[in-house]
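Engineer: next input, structure requested:
(one chain, ligands or ions: 3)
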Amino acid sequence: MFYKALLLALIPAALAVDHAITIGLNNTLSFTPDQVVAAIGDTLTFTVVARNHSTTTTTFSGAVCPPPPGGVGPNGWDSGFLSDLDGSLPQFVYTVVDTEPHFAACMQAAGAHCRAGMTFALNPTAEQTYAQFLANAEAS
Ligand SMILES: *[C@@H]1O[C@H](CO)[C@@H](O)[C@H](O)[C@H]1NC(C)=O
Ligand SMILES: *[C@@H]1O[C@H](CO)[C@@H](O)[C@H](O)[C@H]1NC(C)=O
Ligand SMILES: [Cu+2]
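Structural biologist: Ligands and ions are numbered 1, 2, ... in the order given. Okay, the predicted model is just below:
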């Protein structure tokens with residue numbers, strides 16, 4: 001009985017998936033991949049591999065850039081500035097808590113990175129696509 005309970009307790013953790021996202025690949029203003037479909041309990045592990053960036057949730061449209069400190073919620077996130085200028089490859093981990101779409105961008109340079117297309121979507125939908133979010137960011 002004890003072992004069965006232990007096994008059941010371990011199942012959700014075993015099914016959770018970690019999604020690795022690289023920030024600044026090849027020193028570009030980018031998230032790679034730029035969109036992820038994830039389930040509740042999954043994690044997003046962002047790793048900055050160049051310069052000094054953030055992953056911060058923002059609005060889908062309107063004043064997209066720069067994302068506000070603390071990020072846009074509910075259930076948003078803000079890594080704060082993560083600098084790889086010292087080669088430390090800093091990481092930020094977000095655990096998915098809902099199935100809603102979330103849109104994020106880098107808040108560096110007063111929104112200049114965001115407007116240059118440094119944008120990311122978690123669970124985009126047919127109505128709120130990554131392509132439209134990117135266009136909204138570039139125009140904001
Ligand atoms: C990054 O650089 C490597 C080698 O320099 C290249 O093979 C790869 O295609 C580049 N990727 C992107 C997304 O620019
Ligand atoms: C990273 O960028 C922020 C915002 O521009 C800045 O305040 C901070 O000093 C930078 N960090 C490093 C290590 O340069
Ligand atoms: Cu940036």
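Engineer: show me the helices in the protein, by range?
Structural biologist: 2-15, 112-115, 130-139 (DSSP state H).
Engineer: what about residue 54, distance to residue 87?
Structural biologist: 18 Å (C-beta to C-beta, to the nearest Å). In this view, the C-beta of every residue, glycine as well, is placed from N, C-alpha and C.
Engineer: between the two, tell me which one has more neighbours.
Structural biologist: residue 54 (27 against 8; other C-beta atoms under 10 Å).
Engineer: get me the contact residues on the chain for ligand 3.
Structural biologist: Counting by C-beta under 5 Å from the ion, the residues of the chain close to ligand 3 are 53, 106, 108, 113, 118.
Engineer: okay if I get those residues as JSON lines plus neighbour count, pLDDT and distance to ligand 2?
Structural biologist: Below are the residues of the chain next to ligand 3 laid out as JSON lines (neighbours: other C-beta atoms under 10 Å; pLDDT from 0 to 100; distance: C-beta to the nearest ligand atom, whole Å):
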{"residue": "53", "neighbour count": "27", "pLDDT": "98", "distance to ligand 2": "8"}
{"residue": "106", "neighbour count": "33", "pLDDT": "98", "distance to ligand 2": "10"}
{"residue": "108", "neighbour count": "20", "pLDDT": "98", "distance to ligand 2": "6"}
{"residue": "113", "neighbour count": "24", "pLDDT": "98", "distance to ligand 2": "10"}
{"residue": "118", "neighbour count": "28", "pLDDT": "98", "distance to ligand 2": "14"}
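Engineer: all good on my end, thank you.
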